[in-house]
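S.K.: coords below, sequence missing:
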């Protein structure tokens, strides 16, 4: 009997180990999310699809605790003579950028340099700060050690945005309010940022009242509330912000799905704010902003004057 119990326990342990390995390797954003995500408007549908640029990737190891920088960029950058706007990414808890590379590649396909790290804890925006320092270094030097810089004079530091999900949503707020390079950022998107009380209890404090650039807040509503930030809690963060701001909650969307399901509007936001795309802007401003009447969203609020 003891032998049978021992075998059964061993089987359970092996199955559990296999399950954990599978879960650990599972991407945070499905590779086909652009095809399977429902959209509720023409603009949202246009910008959830890939853009016109082919995308290349560069990885650089670092002795910092997040292991490496990962940069996604339009392949033409290597031979072009122009500069490209930037999107910095803050990771959610335990979610390195390599687990949702499809999202980063999508942003890059619309003409952005996209940079992030393998950081597991991004609330204090350390990885975001170091990402900007990394880009500065490669933008200012033709060559570093034995490597020729493909980014030399190619980074448009007048048009830098940042996006992050969950703990990374907190990282976004801290990046634009409490880092050395906070004034570099022109706009931000915070996805399901950890509510103020929970963040305080986890020592992830932030102060949204210090935000002075346009920001988009998006959370989920999965038949109830996004468990990390309810509708009431998201409203409290929105109310703290004194700059131009917009808030929406996507219906039938779980917390983890907020990372990628609103991607059409996240991309449109950055195209409007950092590239001056007028069609993308119609999602948020004008006589009839699409996001304000999209049936897949609720609790829309906006301080922009149209």
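M.R.: All right, it came through fine. Note that the coordinates shown come from a computational prediction; the quantities given were computed from them, not determined experimentally.

S.K.: just the pLDDT for residue 6.
M.R.: Residue 6 carries a pLDDT value of 49.

S.K.: er, residue 144 actually
M.R.: For residue 144, the predicted pLDDT is 83.

S.K.: kindly report the same for residue 213.
M.R.: Per the predicted model, pLDDT is 98 at residue 213.

S.K.: so it sits in a strand?
M.R.: No. Residue 213: not assigned to a strand; according to DSSP: H, G, I helix; E, B strand; the rest coil it is coil.

S.K.: relative to residue 173, how far out is it?
M.R.: For residue 213, the distance to residue 173 (Cβ to Cβ, to the nearest Å) stands at 11 Å. Using the backbone N, CA and C atoms, a C-beta is placed for each residue, glycine as well.

S.K.: neighbour count winner among these two?
M.R.: The residue with more neighbours, out of residue 213 and residue 173, is residue 173; 30 against 19, by other Cβ atoms under 10 Å.

S.K.: ok, for that one, nearest residue in space, not its chain neighbours?
M.R.: Nearest residue to residue 173 in three dimensions, chain neighbours excluded: residue 206, at 4.4 Å (Cβ to Cβ, 6 or more residues apart in numbering).

S.K.: need phi/psi at the one you found.
M.R.: Main-chain dihedrals, residue 206, degrees, to the nearest 10: phi -150, psi 160.

S.K.: who's in contact with it?
M.R.: 123, 170, 173, 174, 177, 178, 193, 196, 199 (Cβ atoms under 8 Å, 6 or more residues apart in numbering).

S.K.: the fifth one touches residue 207, doesn't it?
M.R.: Yes. When contacts are counted by Cβ atoms under 8 Å, residue 177 is listed as touching residue 207 (6.3 Å).

S.K.: more crowded one of those two?
M.R.: Relative neighbour count places residue 177 above the other of residue 177 and residue 207, with 19 against 12, counting by other Cβ under 10 Å.

S.K.: how about the contacts made by the more buried one?
M.R.: Residues near residue 177 by Cβ under 8 Å, 6+ apart: 206, 207, 208, 210, 211.

S.K.: roughly how far does the residue nearest to residue 150 when sequence neighbours are not counted sit from residue 152?
M.R.: Closest residue in space to residue 150, ignoring its immediate chain neighbours: residue 78 at 5.1 Å, by Cβ to Cβ, 6+ apart. According to Cβ to Cβ, residue 78 and residue 152 sit 11 Å apart.

S.K.: tell me the secondary structure at residue 71.
M.R.: Secondary structure, three-state DSSP: residue 71 is strand.

S.K.: what about it, distance to residue 110?
M.R.: Distance check for residue 71 against residue 110: by Cβ to Cβ, it reads 15 Å.

S.K.: and residue 134, by the same measure?
M.R.: As defined by Cβ to Cβ, residue 134 lies at a distance of 22 Å from residue 110.

S.K.: more crowded one of the two?
M.R.: Taking neighbours as other Cβ under 10 Å, residue 134 and residue 110 compare with residue 110 leading, 25 against 18.

S.K.: phi and psi next, for the nearest residue to that one once chain neighbours are set aside.
M.R.: Excluding the flanking residues, the one nearest residue 110 by Cβ to Cβ, 6+ apart is residue 51, at 3.5 Å. With angles defined as degrees, to the nearest 10, residue 51 sits at phi -80, psi -170.

S.K.: do the same with residue 246
M.R.: According to degrees, to the nearest 10, residue 246 has phi -140, psi 150.

S.K.: next up, the contacts around it.
M.R.: Taking Cβ under 8 Å, 6+ apart, we find residue 246 in contact with 215, 216, 217, 284, 291, 300, 301, 302, 303, 304.

S.K.: mark which of those residues are buried, thanks.
M.R.: For these, a burial check counting by 16 or more other Cβ atoms under 10 Å picks out 215, 216, 217, 284, 291, 302.

S.K.: dihedrals phi and psi, the fourth one?
M.R.: The one in question is residue 284. phi -120, psi -30.

S.K.: quick one: end-to-end distance for stretch 37-45.
M.R.: With Cα to Cα, to the nearest Å as the measure, stretch 37-45 spans 9 Å from end to end.

S.K.: number the residues from 412 up from this point.
M.R.: In the new count, where the first residue is 412, that last one comes out as stretch 448-456.

S.K.: now do that stretch, average pLDDT.
M.R.: Rounded to a whole number, the mean pLDDT of stretch 448-456 is 97.

S.K.: again with stretch 487-497
M.R.: Per-residue scores along stretch 487-497 average to 96.

S.K.: kindly report the same for stretch 656-665.
M.R.: What stretch 656-665 shows for mean pLDDT is 97.

S.K.: mind checking the SS state of residue 659?
M.R.: Per three-state DSSP, residue 659 ends up strand.
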